[in-house]
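In: Could you look at this predicted model? Sequence included:
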Amino acid sequence: MGNAVKAAPARFDKPSQQRRSMIAKIQIARTQLAIQEDDYRQMLLDTTGHMSLTKCSDAQLARMIEFLKSRGFRPIQQKGNAGIAQHPMARKARALWISLHHLGVVRSAHEGALEAFAKRQLGCDKLIWARQSDAYRLIEALKNMGERNGWAMSDHMDKPFGPIGLQQSLCKAILARLKREANIPEDWSLDIAAYRLCGIDTACETAYTAQQYQDLAEALGKKLRELAPVRGGQE
């Protein structure tokens, strides 16, 4: 009993709280920027020399935060955002939801819209409270929405796409929707559409990364919303 009393103050150790706060901020940035796992690990290694946040010093964590800010991360200061779910199911669902927004399937990419959809699927008031064992129900519902709207999740052999193939397939689905709803020329390839609509040159010597395709999907999605606003859809 004496040992338990002595151990309790560690929970309120200020340096530990600060470190947990920095780690949480990096995870939020990763979600906000929709960074894929492979790209995230490479960024972490390049910036800190480590592949895991737990191995980083406080100074290295601070360096990673500054790097993510240079990539567009904007820390959210509102107290209410402490309840945003960061578990694996939430991160995957959030990435799919944002992709569906680029595809023009959902009106809003905001967290509240995803929360409302997740509540209908899981019967849970908050995504942060959802059981991880129920993850497949939410993820499959989101995947089905994408597939119904032309976003192929697997190849002709029914083998699921990896990160690059999935993002490339999303870009192609957005282009198909642009051709159908915004009178984009039928003979435009993805390379041509990327350059003429978004000023993005995909005809480079090195293979496109998942992050680059993700950036292209976001740019094409903006053009889709500009030329053919979402009619109906989810949230």
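Out: Received the coordinates, thanks.
In: how's this protein carved up into domains?
Out: The chain is divided into the following domains under automatic domain parsing: 14-73, 88-227.
In: Turn these into a markdown table, columns for mean pLDDT and mean neighbour count.
Out: Using the backbone N, CA and C atoms, a C-beta is placed for each residue, glycine as well. Below are those laid out as a markdown table (pLDDT from 0 to 100; neighbours: other CB atoms under 10 Å):
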| stretch | mean pLDDT | mean neighbour count |
| --- | --- | --- |
| domain 14-73 | 87 | 15 |
| domain 88-227 | 92 | 17 |
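In: Quick check: closest non-adjacent residue to residue 92.
Out: residue 139 (5.9 Å; CB to CB, 6 or more residues apart in numbering).
In: Could you pull up the contacting residues of the one you found?
Out: Residue 139 makes contact with 89, 92, 93, 96, according to CB atoms under 8 Å, 6 or more residues apart in numbering.
In: Out of those residues, the closest to residue 153 would be?
Out: Nearest to residue 153 out of the contacts of residue 139 is residue 96 (CB to CB; 10.0 Å).
In: Which helix or which strand is home to the closest one?
Out: helix 88-102 (DSSP states H and E).
In: elements contacting that helix?
Out: If you count contacts as 3 or more CB pairs under 8 Å, 6 or more residues apart in numbering; DSSP states H and E, helix 88-102 packs onto helix 14-32, helix 111-122, helix 135-148, helix 163-181, helix 210-227.
In: Measure how the third one sits relative to helix 88-102, angle-wise.
Out: I take that to be helix 135-148. Calculated by axes from the mean of the first three to the mean of the last three CA atoms, to 10 degrees, helix 135-148 forms an angle of 20 degrees with helix 88-102.
In: Likewise for the second one?
Out: Calculated by the same axes, to 10 degrees, helix 111-122 forms an angle of 120 degrees with helix 88-102.
In: centre of the chain versus helix 111-122, how much separation?
Out: 16 Å (CA atoms, centre = their mean, to the nearest Å).
In: just stretch 85-103 next, same as before
Out: Per CA atoms, centre = their mean, the centroid offset for stretch 85-103 relative to its chain is 5 Å.
In: What of stretch 37-46?
Out: Distance, centroid of stretch 37-46 to centroid of chain: 15 Å (CA atoms, centre = their mean).
In: contact partners of that stretch?
Out: The contact list for stretch 37-46, computed with CB under 8 Å, 6+ apart, reads 30, 35, 50-53, 64, 67-68, 163, 209-211.
In: Tell me the one among those residues nearest to residue 157.
Out: residue 163 (18.1 Å).
In: so who does that closest one touch?
Out: So residue 163 contacts 36, 37, 38, 210 (CB under 8 Å, 6+ apart).
In: Equivalent analysis for residue 118, please.
Out: Applying CB under 8 Å, 6+ apart, the residues contacting residue 118 are 93, 124, 127, 130, 138.
In: Compute the inter-axis angle for the helix holding residue 96 and helix 14-32.
Out: Per the same axes, to 10 degrees, the angle that helix 88-102 makes with helix 14-32 is 40 degrees.
In: on that earlier part again, could you redo the contacts of stretch 37-46 as JSON lines and give each row distance to residue 74?
Out: Output for those, formatted as JSON lines (distance: CB to CB, whole Å):
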{"residue": "30", "distance to residue 74": "13"}
{"residue": "35", "distance to residue 74": "14"}
{"residue": "50", "distance to residue 74": "25"}
{"residue": "51", "distance to residue 74": "26"}
{"residue": "52", "distance to residue 74": "25"}
{"residue": "53", "distance to residue 74": "20"}
{"residue": "64", "distance to residue 74": "16"}
{"residue": "67", "distance to residue 74": "14"}
{"residue": "68", "distance to residue 74": "10"}
{"residue": "163", "distance to residue 74": "24"}
{"residue": "209", "distance to residue 74": "23"}
{"residue": "210", "distance to residue 74": "23"}
{"residue": "211", "distance to residue 74": "18"}
